[in-house]
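Colleague: turn this into a structure:
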Amino acid sequence: MSQPPLDLPEHPNTDSGSHPPFPQPEYLDSGRPPHPGYPQPSAAPPKKRKVGKIATIVLAAVGAALGSAVVNYAFKDHTDKTNDVQSSIQTHVVEPTTLDGRAKVVDPDLQAMADGMVAQMKKEIPQATGAISAFYGDPAKQDLVLIIGLSSHLTSPAAEVDQAITSMGSGGVKVTNVKAVAPGSLDGVAKCGDADLGEVPAGVCLWADHNTMGTIFIYFKSGDEAGAELVKLRGEIEQRD
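Modeller: The predicted model follows:
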């Protein structure tokens, strides 16, 4: 039996820029990040939107970032000797049933967004051999994780991660306090930072190696907190061939 969609309040967009207002969960209507145990003052009851809207700008920005990075490789001069670089570890991305104990989110709006992102990546990045996107956790408990990943040969993992972070900023999700973090036994390059999603705090980590590229958003956490989970989560998303 499907669960009814969760609702979020609509916040006015005071920015004169191009992207739409970023709706927030109803427990974030104070205009400040939530602090567990401390009630937040609330304004007049706002109109509500479904929880699926929380990820609209994120999916658009991350999709553009991953697509830009991989497509950038696709049009490089294949006579470049660096194109022959191969990783000693062959891997691919998978969509786990659960993520570090978090169940997959069953909200139909979030599921539709994740499915749409996969379809978009497959269409725009045909050289990719795999594409995944899914949400995990329980938004009502401020526990929500978004994963997006690609299986595709990458020549310069470090450059792809840097380009993806820059592209995310251009797409509406600015990432600050970016730090290199240990990628774990799967090697490659990994960086984490604080994602600017308006009033909802989020930590984001990106990794890339010669076989895969992925992004993990952990809502309601900082980049440092997301970085502490990266190796474990990546190990469930990226598998050896």
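Colleague: which is the next helix or strand following the one helix or strand residue 158 maps to?
Modeller: For residue 158, the element it lies in under DSSP states H and E is helix 157-170. Where DSSP H and E defines the elements, the next helix or strand beyond helix 157-170 is strand 174-180.
Colleague: now for that next one, which elements pack on it?
Modeller: Counting contacts by 3 or more CB pairs under 8 Å, 6 or more residues apart in numbering; DSSP states H and E, strand 174-180 is packed against helix 157-170, strand 189-197, helix 223-237. Bear in mind the C-beta positions are built from the backbone N, C-alpha and C, glycine included.
Colleague: how about these in a markdown table, adding mean pLDDT?
Modeller: Output for those, formatted as a markdown table (pLDDT from 0 to 100):
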| stretch | mean pLDDT |
| --- | --- |
| helix 157-170 | 88 |
| strand 189-197 | 93 |
| helix 223-237 | 98 |
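Colleague: about what we covered before: let's see the helix holding residue 158 as CSV, backbone CA atoms only.
Modeller: Extracted in CSV, the C-alpha atoms of helix 157-170 (Å, rounded to 0.1, in the frame of the first residue of the first chain):
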residue,chain,number,x,y,z
PRO,A,157,38.5,11.9,-12.1
ALA,A,158,39.9,14.9,-10.1
ALA,A,159,39.0,17.3,-12.9
GLU,A,160,35.6,15.8,-13.3
VAL,A,161,34.8,16.3,-9.6
ASP,A,162,35.9,19.9,-9.7
GLN,A,163,33.9,20.6,-12.9
ALA,A,164,30.8,19.0,-11.4
ILE,A,165,31.0,21.2,-8.3
THR,A,166,31.3,24.3,-10.5
SER,A,167,28.5,23.2,-12.7
MET,A,168,26.2,22.6,-9.7
GLY,A,169,26.8,26.2,-8.6
SER,A,170,25.8,27.4,-12.1
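Colleague: got the buried residues for it?
Modeller: Within helix 157-170, the residues that qualify as buried are 157, 160, 161, 162, 163, 164, 165, 167, 168, 169, counting by 16 or more other CB atoms under 10 Å.
Colleague: which one of these is nearest residue 127?
Modeller: The closest of the buried residues of helix 157-170 to residue 127 turns out to be residue 160 (CB to CB; 13.7 Å).
Colleague: any chance of a markdown table for the buried residues of helix 157-170, columns distance to residue 118?
Modeller: Listed next are the buried residues of helix 157-170 as a markdown table, based on distance: CB to CB, whole Å:
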| residue | distance to residue 118 |
| --- | --- |
| 157 | 22 |
| 160 | 19 |
| 161 | 21 |
| 162 | 24 |
| 163 | 21 |
| 164 | 17 |
| 165 | 22 |
| 167 | 19 |
| 168 | 18 |
| 169 | 23 |
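Colleague: out of those, flag the one nearest to residue 223.
Modeller: Using CB to CB, residue 165 is the member of those that lies nearest residue 223, at 11.2 Å.
Colleague: so the closest residue to that closest one other than its chain neighbours bridges to which residues?
Modeller: Excluding its sequence neighbours, the residue lying closest to residue 165 (CB to CB, 6 or more residues apart in numbering) is residue 175, at 5.2 Å. Beta-bridge partners of residue 175, counted by DSSP bridges, are residue 195.
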